[in-house]
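Asker: give me the fold of what follows.
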Amino acid sequence: MTDLSELAVLPATEQPFTLLFEDEQLLVVSKPTKLLTVPGRHPANKDCLISRVQREWPTASVVHRLDYDTSGIVLLPLTKRALSELSKQFQARSISKQYQAVVAGLVEKTQGEINLPIAADPENRPLYKICKSGKASVSHFQVVERDSMRQQSRLLLMPVTGRSHQLRLHTRAIGHPILGDTLYGTPDNIAQAGRLLLHACNISFIHPFTAEQMSLTNPAEF
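Answerer: Numbering: from 1, shown residues only. A predicted model of the protein is given here:
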């Protein structure tokens, strides 16, 4: 049995989720930062995105997640068919996701690929680490803006794989950690932002019933 003292309590924000799209098959919502997607292991971590959504849409289910600190778009199936079809699309990596992030330093390359394997860090749970024996992990990036005065860069990040903490680890590995990252950032990086500056801003997928190509956008507030 897990000792409760070993589990983190993650206070849920009072900020509500935003409904971006709704039909009989699925919902697309924007999750605020400081909210789990699903209940945490600690009994105090029951307030989460799916529990809030299910108050109005009891059949809503989870097909993918965002970290507690990450805000942005989450796709929620409402039917078994939608859950099955969207799960297949995620497994086939045919669903495209884009994230906005603000990172420390001026990223030199206009665009690029980060291909570094990721594994759990057993000595520092629940953290992960770049590790040769880890799972293959690939992210693409584009520089949207460079702020020479603040020594920051705004990036568009496109994960090909979906490993835990992938974008945080990949940006840090190239020397540009995401600002506000309390898990992997330096004290200076953390102090530069009141939250993790990472937001899921776009998702593209095939509608599970109509087979229509769907694309929804939700810009970052930072």
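Asker: residue nearest the centroid of the protein?
Answerer: Nearest to the geometric centre of the chain sits Leu66, at 3.7 Å (CA atoms, centre = their mean).
Asker: enumerate every residue touching that residue.
Answerer: The contact partners of Leu66, by CB atoms under 8 Å, 6 or more residues apart in numbering, come to 31, 37, 72, 74, 200. Every residue, glycine included, has its C-beta placed from N, CA and C.
Asker: which residues does the third one bridge with?
Answerer: For Gly72, the residues forming beta bridges with it (DSSP bridges) are Lys31, Ala200.
Asker: spit out the contact partners of it.
Answerer: Residues counted as contacts of Gly72 (CB under 8 Å, 6+ apart) are 30-31, 66, 99, 199-201, 218, 220.
Asker: how far away is the residue nearest to the centre of the chain from Ser148?
Answerer: From Leu66 over to Ser148 the distance is 31 Å, taken as CB to CB, to the nearest Å.
Asker: and Asp23, by the same measure?
Answerer: Taken as CB to CB, the span from Asp23 to Ser148 is 45 Å.
Asker: give me the mean pLDDT for the top helix by length along the chain.
Answerer: In the chain, with assignment by DSSP state H, the single longest helix is helix 80-91. The pLDDT scores in helix 80-91 average 98.
Asker: list the buried residues of it.
Answerer: Using 16 or more other CB atoms under 10 Å as the test for burial, helix 80-91 gives 82-83, 85-86, 89.
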